[in-house]
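1. From the sequence below, what's the structure:
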Amino acid sequence: MPNKLSQFWQELKRRKVTRVITVYAAASFVILQLVEILAPSLRLPEWTMNLILVLLIVGFIIAVILSWIYDIHPEGGIVKTEPASKASERAAPSSNRWKIASYISFVVIVGLIVLNILPRSGKKEILDTSIAVLPLVNLSSNDDISSIGFTNEIIMELQKIKAFSRVLSLTSTMQFAEHQPTSPEIGQILNVNYLIEGTIQKQHDKISIIIQVISAKEDDHIWAEEFEDDWENRFNLQDQIALVVAEELHAVITPEEKQRIEKSSTYSLDAYHLYQRGEEKYMRYVLERDTAALYEAEKLFNKALEYDSEFAPAFVSLAKVYFHRQYYPDLFSDTYLDSVYVLTEKALSIDHEIAEAYSWRGRYFTEKAEFNKAINEFEKALKYNPNDWRAYRGLGYIYWDILDDLPKAIENYHKALERDRIELLPNNIGILGSLYRDTGFKGLAEQYYKKRLNVTADSAFYYVDLAFLELTFLNFELAVELNEKAIRIDSSALSPYEFYSEVGDYQKQYEIYMELIRMLERTGRVNAFHNLHRLGYVCWMLEKHDEARAYFIQYIRYGEENIRLNRLGAYYKAPHYDLAGVYAFLGQPEKAYQHLREWNTRNSFPLWWVNLIKRDSLFESIRNEPEFQQILKDVEAKYMVTHETVKQWLEENDML
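-> A predicted model of the protein is given here:
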């Protein structure tokens, strides 16, 4: 057998099949590399590489067959290869050209393999094409143009291009509408490499937009261009700007992305103008919490729909207005936030590729505790807008509070933080601090609370954060001291946490709770007070027994309704824990265990909850019972698994 294999190998070499294979392989390698390099620039379809690979394989088979049958002689051209028995009688002259081609091919193959494998063994450097579009400066003498509206449209078009690593939201750049630091300073504040700035002007029946792209780090103007068109054609300008900016920054746009960018949402100039003005009012509400601006935005969006009843983005904008308006007043209504679903459904029936509609639907399903549907909506939003920070934040929340997948929660919140640098920036930074607190990483939590302080300059809020951090780690006296600092700085910085109960000052805790309730009543958010049962316990310790019983009964109704409707934390089992404490305190252990068992179905627990149940006075009557002790062990074990998982994730990402 070995002898036959050796003979076959010699025959392959005699017929020069091995040389053909070597040369063909080198040529194929070169072709595949060229296609991989040129495909993005030529915008070739994704199946191009597969087609060329199939053709090369077919060609390889044909080349091997032909090289077995035929040979090329220097003096006779292409001739049929003689059998080995006849060829041995006279040796054919060997061609040096074949040998040289074989050697060159071998070197090419080895070189290409080295070039392809070595870079993959290390970290691949990715070009950071992060962009922030600064508000356009309006040079017109009238208010026919909404410069903020145009800026937002340009941002939304750029956000559809996946090749850009990050395109920040308008709320991230609104802080520079009136005061602009230097380009390097803005780049550092927003953590982006490129800035886009410009002017917009209407003159008679013409509109002119001048756009320039700046390298933030070097403060270098890369490119500038003026876009001019008739006033009636102004819809097309933001599309043109997005496509040209992408070309100048060498960002590859897929045919699907180009189609989305060029799609017109309305042909009514009046509807479009009203919509842009509405967005400007909505932005004022977001940044300043100006309730009057929210109502003005609602009117403008409705007027826009009077001019164009199929204007899909206007339906989405109405949905987000109603989300803010109805969140607390309709909390226990059976139709809670249903208008958000109806309006986004209408928008998507007109245009199924509106990312913002999917993002708000994700929020709707999250509030309705339909989490699989919510995840699906957020993922659709990211399909059509890879820079949708709300979708990343929504996913982060679900992975944190619902699915107990803390590494994914942290990753998604970081992605949200990279894309929103103002609207919910302090909130997102604070949530990351809380995530690290809940998983037992005190140092990282302190770092993120410090970052939020640097953004907001709200030292009262900062001390509240630190106070709860110390409470989590059982440093009660220090927690009270930090909370006192917060109140001295801002008397309205009242926290629902039990700082004073932990050190036995029930009178102070009672006063804090009552003032907090009055504050929430004044803002119409009394349903946001979750601590009626804690207030009941404080009253009991102050010997206000009738008042205590009234608060306990009120909380039982509140907690049961939360569970029935899946509202305000019911989906992560908080009302089950609190109801268990109330029933244990009222001497009804059967009901207490019923809720504790349900609470214990969580996959994981934050550190503050682990340490709370160990000392919670509401459970004093059942604390030493075997079932309660077993629940304590389960809770602590689940926390430790999460702590170690996050620790591993942090180590893998060089964050520890």
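
2. Quickly note the distance from residue 209 to residue 265.
-> Counting by Cβ to Cβ, to the nearest Å, the separation of residue 209 from residue 265 is 19 Å. In this view, the C-beta of every residue, glycine as well, is placed from N, C-alpha and C.

3. scratch that, residue 371
-> Distance from residue 371 to residue 265, counting by Cβ to Cβ: 30 Å.

4. cool, and residue 147?
-> From residue 147 to residue 265 the distance is 19 Å (Cβ to Cβ).

5. Now do the helices in the stretch 151-300 of the chain.
-> Counting by DSSP state H, counting those that start in this stretch, the stretch 151-300 of the chain has helices at residues 170-173, 183-190, 235-248, 255-262, 269-288, 291-307.

6. Relative to residue 545, which of those is closest?
-> With Cβ to Cβ as the criterion, residue 545 lies closest to helix 291-307 of the helices of the stretch 151-300 of the chain, at 40.7 Å.

7. Buried residues, the helix or strand following that closest one. List them.
-> Sequence order places helix 312-326 as the next helix or strand after helix 291-307, per DSSP states H and E. For helix 312-326, burial by neighbour count (16 or more other Cβ atoms under 10 Å) applies to 312-324, 326.

8. Can you list phi and psi of the residue positioned nearest the centre of the chain for me?
-> Among the residues of the chain, the one closest to the centroid is residue 392, at 2.2 Å (Cα atoms, centre = their mean). Here is the backbone geometry of residue 392 (degrees, to the nearest 10): phi -60, psi -40.

9. Do you know the pLDDT at it?
-> Listed pLDDT for residue 392 reads 94.

10. so how many other residues sit close to the closest residue to residue 369 other than its chain neighbours?
-> Spatially, and ignoring its direct neighbours in sequence, residue 369 is nearest to residue 566 (3.6 Å; Cβ to Cβ, 6 or more residues apart in numbering). For residue 566, the neighbour count with other Cβ atoms under 10 Å is 15.

11. pLDDT wise, what is residue 566 at?
-> For residue 566, the pLDDT comes out at 76.

12. I figured it was touching residue 368, is that so?
-> Yes: in this structure, residue 566 is within contact of residue 368 by Cβ atoms under 8 Å, at 6.9 Å.

13. For residue 240, which residues are in contact?
-> With contact taken as Cβ atoms under 8 Å, 6 or more residues apart in numbering, residue 240 is in contact with residue 227.

14. and the gap between it and residue 229?
-> Counting by Cβ to Cβ, the gap from residue 240 to residue 229 is 8 Å.

15. List the buried residues for stretch 379-397?
-> Neighbour count says stretch 379-397 has 380-382, 384-397 buried, by 16+ other Cβ under 10 Å.

16. measure that stretch end to end?
-> 14 Å (Cα to Cα, to the nearest Å).

17. Now do it: everything it contacts.
-> Contacts of stretch 379-397 (Cβ under 8 Å, 6+ apart): 156, 159-160, 162, 164, 166-169, 260, 353-356, 358-360, 362-363, 366, 374-375, 378, 408-413, 415-416, 418-420, 424, 428, 431.

18. which residues in the stretch 451-600 of the chain form helices?
-> 459-472, 476-489, 506-522, 532-541, 545-565, 574-585, 589-599.

19. elements contacting the third one?
-> Okay, so that is helix 506-522. For helix 506-522, the packing partners by 3 or more Cβ pairs under 8 Å, 6 or more residues apart in numbering; DSSP states H and E come out as helix 532-541.

20. Check which helices and strands the helix it packs on is in contact with.
-> Where contact means 3+ Cβ pairs under 8 Å, 6+ apart, helix 532-541 is packed against helix 506-522, helix 545-565, helix 574-585.

21. buried set for the second one?
-> It stands for helix 545-565. Counting neighbours by 16+ other Cβ under 10 Å, helix 545-565 gives 547, 548, 551, 552, 555, 556, 558, 559, 562, 563, 565 as buried.

22. can I assume the fourth one is in contact with residue 585?
-> The reference is to residue 552. Yes: shown here, residue 552 and residue 585 form a contact pair, counting by Cβ under 8 Å, at 7.4 Å.

23. any idea how far residue 379 lies from residue 412?
-> From residue 379 across to residue 412, the span is 11 Å (Cβ to Cβ).

24. for residue 181, same thing?
-> 30 Å.

25. More neighbours: which of those two?
-> residue 412 (23 against 12).

26. and that one, what helix or strand is that in?
-> Per DSSP H and E: helix 406-419 holds residue 412.

27. if I look at residue 231, how far off is residue 153?
-> Computed as Cβ to Cβ, the residue 231 to residue 153 distance reads 16 Å.

28. If you count surrounding residues, which of the two has more?
-> More crowded of residue 231 and residue 153, by other Cβ under 10 Å: residue 153, with 26 against 14.

29. Now the more buried one: closest residue in space that isn't a chain neighbour?
-> residue 238 is the one closest to residue 153 (Cβ to Cβ, 6+ apart), at 4.3 Å.

30. Which pLDDT value belongs to the one you found?
-> 81.

31. Also residue 59?
-> With respect to pLDDT, residue 59 has a value of 76.

32. Count the residues that sit near it.
-> Neighbour tally, residue 59, other Cβ under 10 Å: 13.

33. what does residue 640 give?
-> By other Cβ under 10 Å, neighbour count at residue 640 equals 14.

34. Can you name the residues that contact the closest residue in space to residue 474 that isn't next to it in sequence?
-> Leaving aside its chain neighbours, residue 474 sits nearest to residue 611 (5.9 Å; criterion: Cβ to Cβ, 6+ apart). The contact partners of residue 611, by Cβ under 8 Å, 6+ apart, come to 472, 473, 474.

35. got it, and residue 282?
-> 293, 294, 297, 317, 320, 321.

36. repeat for residue 375
-> 362, 395, 398.

37. do that again at 10 Å, thanks
-> By Cβ atoms under 10 Å, 6 or more residues apart in numbering, the contact set of residue 375 is 362, 365, 366, 391, 394, 395, 398, 399, 402, 403.
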